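[1] please find the sequence and the predicted model below.
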Amino acid sequence: MLAAPTLPSFQRAYGQALEHLVTTPQFTNQPRGNHSQEALGLSFTITDPRARTLFLESRPVNPIYHHAEALWYLGGRNDLDMIGYYAPRRRLDSADGTTIDGSAYGKRMFNGPFDQVLALLRSEADSKRAFLPVFWPGALDDPASPDVPCLVGLQLLAREGKLHMVAFMRANDANRGLIADVFSFTFIQEFTARLLGLELGTYTHHVGSMHLAVAELPRLTDALTEAAHSVGLPPRFTPTSMPADSGWGTIRQILVHEQVLRTNQMQYTAKDIAALGLPSYWQETVRLFEVQRQLVHCAADPVDAELLAALTPAHRWQVARRWPRRMPAEVTG
């Protein structure tokens, strides 16, 4: 049996998945009217799960949403208020306008099962049973549901001092869901490794149906070319590591800052954030949430230049390309 291709970063995996679906799709179909190109049973392994994001000029990503979604999962939440603020399109996933059911993965993982998995890995280091299920038997009961979970579950494997993760997906949109999912799942993996005092191992992503919307094909030509040209080049930015002492208290603290910024109860300067007493890694998350507050609540004004300058070069680069019209003249990325 052949193993999944092993790659150094998600950017490499994204480029390979995109190339496969654009140039040699296995099927073309239209489930529920969604015209797409599809390949079955695709997998890849990333050797450094911290290299979890894209740095492509032609495919800007939203790093603020990625951090918010990962923390929404870790918070065990299913509320639309938080996730809908960062991605209004997620409101289409809600049947009642208040909560999200299927894709609220954290609600199913972090309200009981995760504690059992941690206990198992601490008592039986080589266990194969540390699995966090998401897809449930009744997930298909409502044919009209706007939100059936794409994630089947996550498996955690502690081997020789490292924590590896394997994700099992029933389906993934290669240009949208895949990008966000890999970010969140590897973020969860790194956080779990910190809780267990383990080094970070590999991340493997298995997908039953990897697909790409036909309507998106024309605008992905440049991304496909750029991803191919980046192979063999040094990474544009070096990924950062989560602090070793990160724990649930840290997550709760960050979520408090997230809420006051999202609801516009507070506004932070770069100096305010530096004085919060957080490690620089987590200060960066708060800085991103303050950028979002300004994008949403400050009309069309440029985002504060001092705040942008305080971001890491990687995030400043991503923010400048995602929202070029909101950048001050002195910030070039």
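    Everything's here; your move. Numbers count the residues shown, from 1 in each chain.

[2] tell me the contacts of residue 135?
    Residues near residue 135 by C-beta atoms under 8 Å, 6 or more residues apart in numbering: 149, 151, 152, 153, 170. (Glycine included, C-beta is placed from N, CA and C.)

[3] send me the biggest strand by length in the chain as CSV with only the CA atoms.
    Longest strand of the chain, by residue count under DSSP state E: strand 199-213. Output in CSV follows, covering the C-alpha atoms of strand 199-213 (Å, rounded to 0.1, in the frame of the first residue of the first chain):
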residue,chain,number,x,y,z
GLU,A,199,6.9,17.7,20.3
LEU,A,200,4.9,18.3,17.2
GLY,A,201,4.8,15.3,14.8
THR,A,202,3.3,15.0,11.3
TYR,A,203,-0.2,15.9,10.1
THR,A,204,-2.0,13.6,7.6
HIS,A,205,-5.2,14.6,5.8
HIS,A,206,-7.4,12.0,4.2
VAL,A,207,-10.4,13.1,2.0
GLY,A,208,-13.1,10.9,0.6
SER,A,209,-14.2,13.5,-2.0
MET,A,210,-11.9,16.3,-2.8
HIS,A,211,-13.6,18.8,-5.1
LEU,A,212,-13.4,22.2,-6.7
ALA,A,213,-16.1,24.4,-8.0
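
[4] what's the average pLDDT for it?
    Per-residue pLDDT values over strand 199-213 give a mean of 97.

[5] SS state for residue 48?
    Look at residue 48: counting by DSSP: H, G, I helix; E, B strand; the rest coil, its state is coil.

[6] circling back: for the longest strand of the chain, packing partners?
    Applying 3 or more C-beta pairs under 8 Å, 6 or more residues apart in numbering; DSSP states H and E, we find strand 199-213 packed against helix 10-23, strand 36-46, strand 162-173, helix 177-196.

[7] what helices or strands is the helix or strand following the shortest one leaning on?
    So the one you mean is strand 36-46. As assigned by DSSP states H and E, the chain's next helix or strand after strand 36-46 is helix 63-74. When contacts are defined as 3+ C-beta pairs under 8 Å, 6+ apart, helix 63-74 sits against helix 80-86, helix 105-109, helix 177-196, helix 248-262, helix 280-297, helix 313-322.
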